[in-house]
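Enquirer: Need coordinates for the below:
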Amino acid sequence: MISEKTSIKRLTFDELKTKLGAMGFKGYRAGQITSWIYRHYAVSFEEMTNIAKAERDRLQMERYKTGNVHNPAKAKAARMILSHRSRALTVR
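Expert: Below you'll find the model as predicted:
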C-alpha cells in the first residue's frame, strides 16, 4: 500500500518544526525549508542545497513533498520575476 505524502505547504511553521524535530532534525531546518519553498520557489528537496543531502533524501523518501508543482520553466520564470522586482525596489 502506497501512502500519500504530506505537502509541507499544508503545515504551519510550528507543525513543520515539531515534525522535523521528531525526525531528529535541528530546529532551524524548518526555517530553511520554508525559505526555499516561499522565497526561492523550490519545487523539490534537491534544490535545497543548504540542507544536508542525507536529510533531503530522508524528507523525500519518508513522507513529505514540497507542494510546489514541478514545472522547471514556470519555476525559473517566477525566480526571474522576483529577482527583477527586488532589483527594481533597491534601485532608485
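Enquirer: All the helices of this protein, residue numbers only.
Expert: Secondary structure of the chain (DSSP state H): helices at 13-22, 29-38, 53-62, 72-90.
Enquirer: Tell me how far T18 lies from G27.
Expert: 10 Å (C-beta to C-beta, to the nearest Å). (Glycine included, C-beta is placed from N, CA and C.)
Enquirer: These two: who's more crowded?
Expert: Neighbours were counted for T18 and for G27 using other C-beta atoms under 10 Å; T18 has more, 14 against 10.
Enquirer: Show the model's pLDDT score for the more buried one.
Expert: With respect to pLDDT, T18 scores 94.
Enquirer: how far away is it from T66?
Expert: From T18 over to T66 (counting by C-beta to C-beta), the distance is 18 Å.
Enquirer: Same question for G21.
Expert: The gap separating G21 from T66 is 19 Å, by C-beta to C-beta.
Enquirer: Compare neighbour counts for those two and give me the winner.
Expert: Neighbour comparison, G21 and T66: the larger count goes to T66, with 23 against 13 (by other C-beta under 10 Å).
Enquirer: thought that one was touching I37?
Expert: Yes: contact criterion C-beta atoms under 8 Å: T66 and I37 qualify, at 5.7 Å.
Enquirer: Which neighbours do these two have in common?
Expert: Here T66 and I37 have 8-9 as joint contacts, going by C-beta atoms under 8 Å, 6 or more residues apart in numbering.
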